[in-house]
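>>> Next one to model:
(one chain, ligands or ions: 1)
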Amino acid sequence: MQDKLIETARLLVDGGRGLLAMDESNATCDKRFAKFGIPRTEAARRSYRELLITTPGLGTCISGAILFDDTIRQRKPDGTPYVKLLTDAGIMPGIKVDTGARPLALHPGEKITEGLDGLRARLHDYAEMGARFAKWRAVITIGNGIPTRSCIEANAHALARYAAMCQEAGLVPIVEPEVLMDGDHTLDRCREVTEATLRSVFNQLNMQTVKLEGMVLKANMILPGLHCPTQEPVDVVADITLRSLRRVVPAAVPAIAFLSGGQSGELAFSRLNQMNIIANRAESRLPWRLTFSFARAIQNPALEIWQGNPANRQAAQHALHHRAACSLAALTGHYSAGMATVERKSAAA
Ligand code: 13P
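Numbering: from 1, shown residues only. A predicted model of the protein is given here:
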């Protein structure tokens, strides 16, 4: 079982491709649809998710797709399961298994991610449906007096319990403790909170005897808050993110997959690109691969172009593929500034 987990983790991250997160809950999907006046219906969600999955050539850039519960059960009108479409395209199907972040009792402004009850049985079912890996996202908010130790520890504990159950079921856990960008905190404050969170997460993973070789860490980059007046340049963000992660992420972890977290695509790709340039220097010797697990940075232009109109489907798929290709270029240091936005302008024209 452990060999299979290590092999799955390796297949997910070793081929030089990355992950597409398309596991938005129905509520989040509806919120994003509302911005473009797209009907918030089951039919629209299904069409959109099918558009993503059937994008021609997606498998050249994407090694795994993280699905929402509805999507892993769905089929094309001709009866082909989405899971088969993905597998045939060389994309491993994964599944989001947390049931969302809710207010943490007695801790105003903080959240705890739920979904452990009944998880063992759900993981078993998802594995039968063809999932090879899973995701659980914890959110840590930076603000006045927060995060508290209670919030960090409670979320780290839940992540470790989830990861242990995944490995028991033969699924590779994607462990995602996301420190949010919202707020006016400095880059150094984000660094401090991210390091404290990851220390706690790895303590708990060790406590639950999770095999680090058979998991992937999904991490935030170390960034100043969205409303912080000082916004450090790309090379500083890349350098500090890697220095910081080296302090707290054990070398046995095969890969770190970055989330975009509300950064523009341009910034997410440029920062990841710079990190991979650093990683490729002989003197850097990073123990883990650096990859991506983006949702918004890859999907946003496609959604904006689609607008719920079948006539825009092909243009939207083209935009999605382009953003996936930008992400891929950022894994080898070949992303060049403006690549994401130039294409977007010509697609919109
Ligand atoms: P973003 O890239 O939009 O942050 O989403 C990644 C994700 O899967 C969050 O859980």
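>>> Going by C-alpha atoms from here, please, whenever you check contacts or count neighbours.
Noted.
>>> element containing the residue of the stretch 1-150 of the chain found nearest the ligand, please.
Among the residues of the stretch 1-150 of the chain, Ala21 lies closest to the ligand, at 4.8 Å counting by Cα to the nearest ligand atom. According to DSSP states H and E, Ala21 maps onto strand 18-22.
>>> Repeat that for Gly16.
Judged by DSSP H and E, Gly16 forms part of no helix or strand.
>>> So which residues on the stretch 151-300 of the chain come close to the ligand?
Proximity of the stretch 151-300 of the chain to the ligand, by Cα under 6 Å from any ligand atom, involves residues 259-262, 294-297.
>>> Mind telling me which residue of this protein is nearest the ligand?
Residue of the chain nearest the ligand, by Cα to the nearest ligand atom: Gly261 (3.1 Å).
>>> So that residue, which state does it fall into?
In three-state terms, and counting by DSSP: H, G, I helix; E, B strand; the rest coil, Gly261 is coil.
>>> if I read this right, it contacts Met181, doesn't it?
Yes: contact criterion Cα atoms under 8 Å: Gly261 and Met181 qualify, at 7.1 Å.
>>> and these two? which has more neighbours close in?
Met181 (24 against 19; other Cα atoms under 10 Å).
>>> I'd guessed the more buried one sits against Gly225; true?
Yes: if you go by Cα under 8 Å, Met181 and Gly225 touch, sitting 4.8 Å apart.
>>> Show me where the stretch 201-349 of the chain has its strands.
For the stretch 201-349 of the chain, the strands defined by DSSP state E, counting those that start in this stretch cover 216-219, 255-258, 289-294.
>>> Could I get these in a markdown table, plus columns for mean neighbour count?
Output for the strands of the stretch 201-349 of the chain, formatted as a markdown table (neighbours: other Cα atoms under 10 Å):
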| stretch | mean neighbour count |
| --- | --- |
| strand 216-219 | 24 |
| strand 255-258 | 24 |
| strand 289-294 | 25 |
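>>> Could you dump those into CSV and include mean pLDDT?
Formatted as CSV, those follow (pLDDT from 0 to 100):
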stretch, mean pLDDT
strand 216-219, 98
strand 255-258, 98
strand 289-294, 98
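>>> nearest to His334, of these?
strand 289-294 (13.7 Å; Cα to Cα).
>>> Throw the strands of the stretch 201-349 of the chain into TSV and include distance to Leu171, thanks.
Shown next, in TSV, are the strands of the stretch 201-349 of the chain (distance: least, Cα to Cα, whole Å):
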stretch	distance to Leu171
strand 216-219	11
strand 255-258	16
strand 289-294	17
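>>> Please enumerate the shared neighbours of Met181 and Gly225.
Shared contacts of Met181 and Gly225, defined by Cα atoms under 8 Å, 6 or more residues apart in numbering, are absent.
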